[in-house]
Every structure is written in C-alpha cells, then in structure tokens.
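S.K.: Here's my sequence, what's the structure:
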Amino acid sequence: MNQRLVRIAKPAGLVKAVLYARVSSKEQEKEGFSIPAQCKLLRDYALQQRFDIVQEFVDVETAKTTGRTSFTEMVKYLRKHPGIRSVLVEKTDRLYRNLKDWVTLDELDVEIHLAKEGVTLSRDSRSSEKFMHGIKVLMAKNYIDNLSEEARKGQMEKAEQGIWPTKAPLGYVNITGKDGRKVIEPHPELAPVVTQLFERYATGQYSLKALAKAAHGDGLIYPKSGNPVPVSTVHMILRNRLYTGLFQWNGKLHHGKHAPLVSIELWERVQGILTGRNAVPTHPMGNEFAFTGLMTCKECGCAIVAEIKKGKYVYYHCTGHTDKGRGGYADCRRKYVREEVLDQAFANLLDRLHFNEEIL
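M.R.: Numbering: from 1, shown residues only. The predicted structure is shown next:
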C-alpha cells in the first residue's frame, strides 16, 4: 500500500473542502494512470467552484476491505473538523469500495462533490439523486467483487499449470519468468537454510524452539524486515508441502513446476515426527509412550504414534502418510487404539512364548 498526505495552502474566503483520490492497484500508479488525472481534475473543479482544498488524501492499494490508510485519515480529519463538510472526489467508485464506506460518510453528514459525474450529494439532495447514487455504489461494489472473482480464477488457472499463484513462502522468491509469467524459484540465501531446517528436524533431536534458534543462527529471517522467524512460522514451514514440489490449492493437489527444496521422503519423515510431538507429553515423569517406535501400520506401513486424550487416556494411531505426501492422509490415520488394548495384546503375545531349560 502507498498513500500520500499533502497539506495545501488555504486561500481566504473560500469554502473549505478535502480532496480524495484513489487507485485500485500499484500497476495503475506505476503507469501514471488515474492519480495525476484525478488530482488535476479536482483542483480545477475546486478553482471553478471556489473551494479551498485544505487537505489532500490519496490511496494506492488493492485490498478489498475497508481500512485504506488515507480514507481512514480523511474520516478522522472530518470528525475532528466539523466546520469542513465538503469532499471532492472524481466519481463514485473512487470514493467507495464497499457499503461500509458509504455508511461511514453518510453518518458524517458531508457534502460529496462527484466532479466527473457533475453530481453533488448532501442531506438536501432529492430522493431520486440519492437513489441513483445508491445504485452507483452498488455497481462499484459489484465491480470490486468481479475483480476479486477474476483474480481467483486466474490463481486457479496458474495452479492447474503447476505455478504457485501467490506470494512465495520463505525459501522461495517471486520472479518473472522468460515467458513473462510470475513464478517462484529458490531464494539464493534462504533456500539452503530451509532445506537444513527439514534435515535437522528429521533427526528427531530438535524441539521446534531449539530448531528455530539454530535456524536464526543460519540466517533464517524475513527478507524485508530482517526480523528472525518465530517458532510458529518454523512449524508452518515444516508442514508446508510446497517445499517438496507439490502443493494444494482449493483442496486439490498439484505438481508444481518450481524446484523442490526437500524430498518427499524427508518431508514425510518430518510429518511423522511433528504428529508425534503435537501430542500432549506422556507421563509426569517424562517417560516415553510404551509402544512408540515399536509398531508400524498394517495397512500402509507408516509409523504408529501416540497422544493423550482428555488428559489421561493414551491412544495410538497411524501417521497416515501412505503415499509419501502426494495425496493427503490415508483413511487408516483416523483409526485409534487405546493403550490398554495394546497392553492386553502384548501380554497375550508374551503368554505364547515358551523358553526351554537351556535358555533359562
């Protein structure tokens, strides 16, 4: 987001007003589209209509929701200065992005001058003018909704082609490919750090906190801010299948065209460790679960891990990574067995053992 707050000299004897201009994307600003034209139009309008522009508010942003910095500042300014009730703006869709914006300004009882439309709206406006303005507000909202829908379609198309359709996760960087399309590729400095993150955790000798500390020493930071990556983000990295070359988008698994940072086998190993460590610690004395590491799933061959339910009941289940991370979890992951059942089964097996006198 980029916004500009400009103070203008205040000629005497004119009606005080504020100017508001907005573009909906950084590309528009870079291309010189809209902002300079809007400001020139509104300044000329102010000169002709004898307005004193006491403050200019300019927003350059893409978010669909309210919260535009300069729009919010303008609302605060109008509330703080009740003697200023005129707002100059190019047209309806420059001022409103949703119905909340409309209601917010309506409550301030301001006079809105839509310079390009040749319309002035206030509480004294005719009902037909207010009605037509309301229609335009709804049309503006529909336009924004349509842009959002088209963006989602574009993202889905990219995903279908194996291209990660949004911001690159840590370890990758967004670039423009030779064909002009935006893709991701390994970050020259952070990619090796992310790979080492998986390799270290796969040893089973690191807690997430210890892993994060070690990664900070390796240089795992946010590229823009330079701040160290927190433990929660380290956990998200370890869970992210994208690093294997595969990724999910809208519930569907896609084979990415980007270079993987870890093998599927390594990622699957890490998931098994995470699943075990996500469980509540076992016993007050810090002992391990009785059967952890001794069993594998009969159906898929994956590791069996344990967790505590309701603070006291120990259950075992399969990690469920049946196909090495390629298609979600296996059904056997949802089957749980109480530790007491395993105790009895193990005891029955021991009863079947017989030792001759030579062994004893």
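
S.K.: Now do the strands in the stretch 251-360 of the chain.
M.R.: 252-255, 304-309, 313-318, 336-338 (DSSP state E, counting those that start in this stretch).

S.K.: Next, format the ones you listed as TSV and append mean pLDDT, distance to residue 90 and mean neighbour count.
M.R.: Placement of C-beta: from N, CA and C, glycine included. Below are the strands of the stretch 251-360 of the chain laid out as TSV (pLDDT from 0 to 100; distance: least, C-beta to C-beta, whole Å; neighbours: other C-beta atoms under 10 Å):
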stretch	mean pLDDT	distance to residue 90	mean neighbour count
strand 252-255	86	41	13
strand 304-309	79	59	19
strand 313-318	83	60	20
strand 336-338	86	62	15
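
S.K.: okay if I get those as TSV plus distance to residue 173?
M.R.: Shown next, in TSV, are the strands of the stretch 251-360 of the chain (distance: least, C-beta to C-beta, whole Å):
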stretch	distance to residue 173
strand 252-255	20
strand 304-309	35
strand 313-318	37
strand 336-338	42
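
S.K.: next one: phi and psi at the closest residue in space to residue 233 that isn't next to it in sequence?
M.R.: Distances taken as C-beta to C-beta, 6 or more residues apart in numbering place residue 170 nearest to residue 233, at 7.3 Å, with adjacent residues excluded. Residue 170 adopts backbone torsions of phi -60, psi 130, taken as degrees, to the nearest 10.

S.K.: Residue 170 and residue 263: what is the separation?
M.R.: 19 Å (C-beta to C-beta, to the nearest Å).

S.K.: Any stretches of the stretch 101-250 of the chain with poor pLDDT?
M.R.: 102-103, 125, 127-151 (pLDDT under 70).

S.K.: Would you map the helices across it?
M.R.: Taking DSSP state H, counting those that start in this stretch as the test, the helices found in the stretch 101-250 of the chain are 127-160, 190-202, 208-218, 231-239.

S.K.: quick one: contacts of the shortest one?
M.R.: Looking back up the chat, that one is helix 231-239. 169-171, 194, 197-198, 201, 208-209, 211-212, 215, 220, 229, 243, 270-271, 274 (C-beta atoms under 8 Å, 6 or more residues apart in numbering).

S.K.: And for the third one?
M.R.: Taking C-beta under 8 Å, 6+ apart as the criterion, the residues outside helix 208-218 that touch it are 193, 196-197, 200-201, 206, 220, 228-231, 234-235, 277.

S.K.: picking that back up, higher neighbour count, residue 170 and residue 263?
M.R.: The neighbour comparison of residue 170 against residue 263 (other C-beta atoms under 10 Å) goes to residue 170, with 22 against 16.

S.K.: who are the neighbours in contact with that one?
M.R.: Residues in contact with residue 170, defined by C-beta under 8 Å, 6+ apart, are 187, 190, 194, 220, 222, 229, 233, 237.

S.K.: How much space separates it from residue 158?
M.R.: On the measure of C-beta to C-beta, residue 170 and residue 158 end up 20 Å apart.

S.K.: Which residue is the nearest non-sequential neighbour of residue 231?
M.R.: Excluding its sequence neighbours, the residue lying closest to residue 231 (C-beta to C-beta, 6+ apart) is residue 212, at 4.6 Å.

S.K.: Once you drop chain neighbours, what's closest to the most centrally placed residue in the chain?
M.R.: For the chain, residue 167 is the residue whose C-alpha lies nearest the centre (C-alpha atoms, centre = their mean; 8.7 Å). Nearest residue to residue 167, sequence neighbours excluded (C-beta to C-beta, 6+ apart): residue 174, at 6.7 Å.

S.K.: Over to residue 18?
M.R.: Nearest residue to residue 18, sequence neighbours excluded (C-beta to C-beta, 6+ apart): residue 55, at 4.8 Å.

S.K.: Domains in the protein, by residue range?
M.R.: Residue ranges for the domains of the chain, per automatic domain parsing: 2-144, 161-278, 279-360.

S.K.: could you give me the average pLDDT of stretch 349-360?
M.R.: Averaged across stretch 349-360, pLDDT comes to 68.

S.K.: what's the burial count for residue 344?
M.R.: Neighbours of residue 344 under the rule other C-beta under 10 Å: 11.

S.K.: likewise residue 335?
M.R.: Using other C-beta under 10 Å, residue 335 has 14 neighbouring residues.

S.K.: Can you give the contact residues for the helix or strand hosting residue 22?
M.R.: Counting by DSSP states H and E, the element that carries residue 22 is strand 15-23. For strand 15-23, contacts defined as C-beta under 8 Å, 6+ apart pick out 10, 29, 33-35, 38-39, 42-43, 46, 50-61, 68, 70-71, 74, 77-78, 83-84, 86-90, 94-95, 113.

S.K.: buried ones in stretch 34-48?
M.R.: Neighbour-count burial for stretch 34-48, counted by 16 or more other C-beta atoms under 10 Å, picks out 34, 35, 38, 39, 41, 42, 43, 45, 46.

S.K.: Equivalent analysis for stretch 291-298, please.
M.R.: Buried residues in stretch 291-298, defined by neighbour count with 16+ other C-beta under 10 Å: 291, 297.

S.K.: before we move on, what about stretch 168-184?
M.R.: 168, 169, 170, 171, 172, 173, 183, 184.

S.K.: Would you mind putting those residues into JSON lines with distance to residue 291 alongside?
M.R.: Listed next are the buried residues of stretch 168-184 as JSON lines, based on distance: C-beta to C-beta, whole Å:
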{"residue": "168", "distance to residue 291": "41"}
{"residue": "169", "distance to residue 291": "36"}
{"residue": "170", "distance to residue 291": "36"}
{"residue": "171", "distance to residue 291": "36"}
{"residue": "172", "distance to residue 291": "39"}
{"residue": "173", "distance to residue 291": "44"}
{"residue": "183", "distance to residue 291": "46"}
{"residue": "184", "distance to residue 291": "42"}
